[in-house]
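K.L.:
show me how the following folds:
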Amino acid sequence: MRVVGPLFFDRMETSLAELTSEIRRRADDLGYELVDIRKRGTRNRVVLQIRIDRVDAVPGHGITIEECAAVSRSLEPWLDDTQLLGPRYVLEVSSPGIERPIRWPEHWARFTGQDVHVRLPDVGRVRATIVRVLTAEGHVVLRLAGSDADVTIAMGEVRDATLAVDWSSLDWSAAEQKR
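P.N.:
Residues are numbered from 1 along each chain as shown. Here you go, the predicted model:
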C-alpha cells in the first residue's frame, strides 16, 4: 500500500500552478483569457479542462467552437513535447459559459457590482453581490442576497464562484426558447 503524504500534494499543487501560469501566458499570446483550469483523471490518463474567453467578451457573444479548437491545436504540440501531463492525456478546451467561473483576483475586480453564486465556509451556497475587491489583502467584500450587511472573506476561502444570471430577464426569441 502506498501512502500519499503532504509532499505529493505540494508537488501536485506546484505543478498545477506552474501549468496554469504557462497556459495563461500561451492563451494571452493567442488573444484569449484563461478563465478556469482543472486537472483531473488518473496518473496514467490526466484530463486537463481549460475554459477560455475573449478578453473583451460581452454576454451573448462568447467564444466559438472554432476558437476553442484553435487554442487546443496550439497547446497540444507543447503538451506533447514537454510531457507535463504524461504521454496519455485528454485536453478539453471550452467556453466558460454564461455562468462563468470567478476564480482569480482580476475576475473579482472585473465583475464588481455583479451577482455571483458562491460557496462560503459555514454558510454554504448563496447568491451575493461583489461589492469591492481588496486585492492587496486577497479579500473580496460581498453582500449576501437579502442582507444589508457586507461580508469580507479571503478569496481563497470562496469555493465554486460563478456569475449569477437572472434567466427571467434575458430576452429570448421564440426560436431560442424552443431549443
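K.L.:
confidence score at residue 178?
P.N.:
Per-residue confidence for residue 178 comes out at a pLDDT of 52.
K.L.:
wait, residue 145
P.N.:
Model confidence at residue 145, given as pLDDT, is 93.
K.L.:
tell me the secondary structure for residue 62?
P.N.:
Here residue 62 is recorded as coil under DSSP: H, G, I helix; E, B strand; the rest coil.
K.L.:
need the residues that contact stretch 57-69.
P.N.:
When contacts are defined by C-beta atoms under 8 Å, 6 or more residues apart in numbering, stretch 57-69 is touched by residues 32, 33, 52, 53, 54, 93, 94, 95, 96, 97, 98. (Glycine included, C-beta is placed from N, CA and C.)
K.L.:
from the residues you listed, which land in helices?
P.N.:
Of the contacts of stretch 57-69, none are assigned to helices by DSSP state H.
K.L.:
and of those residues, the nearest to residue 79?
P.N.:
Closest approach to residue 79 among the contacts of stretch 57-69 (C-beta to C-beta): residue 93, at 11.5 Å.
K.L.:
verify the stated contact: the closest one with residue 71.
P.N.:
Yes. Using C-beta atoms under 8 Å, residue 93 is in contact with residue 71, at 5.0 Å.
K.L.:
closest to the centroid, which residue in this protein?
P.N.:
Per C-alpha atoms, centre = their mean, the C-alpha nearest to the average position across the chain is that of residue 36, at 2.7 Å.
K.L.:
and for residue 93 and residue 71, which residues touch both?
P.N.:
Residues touching both residue 93 and residue 71 by C-beta under 8 Å, 6+ apart: 50, 52.
K.L.:
quick one, strands of the protein?
P.N.:
With DSSP state E applied, the chain shows strands at 32-41, 46-54, 89-94, 115-120, 124-134, 139-144, 150-154, 159-163, listed in chain order.
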